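**Q** Need coordinates for the below:
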Amino acid sequence: MAQNNSKDLAKIQELIEIMKDNELIEVEISHGDDKILLKRSDPNASMISAVPFNQIANSAAGSKAAFEAEASALEDDLVEIPSPIVGTFYSAPSPDSDSFVQAGSSVGPQTVVCVIEAMKVMNEIKAEISGTIAEVLVSNGQAVEYGQPIFKVKAN
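**A** Numbers count the residues shown, from 1 in each chain. So this is what the prediction gives:
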């Protein structure tokens, strides 16, 4: 049994290397009742977490919805603001300006939280929620993907 676990670990490590080599952010693999999700928050980050679904989900073992519900419960009701477009994240309107928001900033639905440059166009991104910025998930000048979480907000 220990040898089987070491084979599984070797396969996971091989998948991690493939993810790094191809700059993948997330890989989900299903084989029968076995499911695994490998995910990294930043393509440049070296740390990747492996989360076997069947150890997290309850009666709906392996369902993505159950996994997401469990994860969100652990996040103390934090809401993510995702990137609506692919582009480059900028925290301020210009290099010599203050950031639009930072951790601890109060925001409303119309509050501009950042700018994302796409195809030489600067797109202002609004919070679309009322609350307090709990965490900024990307750094200034970082490339972001569509749907990638860029902020976490403690909703009011």
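**Q** Okay, domains of the chain per the record?
**A** Structural domains assigned to the chain are 2-74, 78-155, following automatic domain parsing.
**Q** now the shortest one: mean pLDDT?
**A** The pLDDT scores in domain 2-74 average 62.
**Q** Name the next helix or strand following the longest helix anywhere in the chain along the chain.
**A** Counting by DSSP state H, the longest helix found in the chain is helix 2-21. For helix 2-21, the succeeding helix or strand toward the C-terminus, using DSSP states H and E, is strand 26-31.
**Q** so what strands line up beside the helix or strand following that next one?
**A** Later in the chain than strand 26-31, the nearest helix or strand by DSSP H and E is strand 34-39. Looking at strand 34-39 with DSSP bridges, its partner strands are strand 26-31 (antiparallel), strand 49-52 (antiparallel).
**Q** With mean neighbour count as extra columns, can I get the domains of the chain in a markdown table?
**A** Yep, even glycine has a C-beta here, placed from its N, CA and C like the rest. A markdown table is the format used below for the domains of the chain (neighbours: other CB atoms under 10 Å):
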| stretch | mean neighbour count |
| --- | --- |
| domain 2-74 | 13 |
| domain 78-155 | 16 |
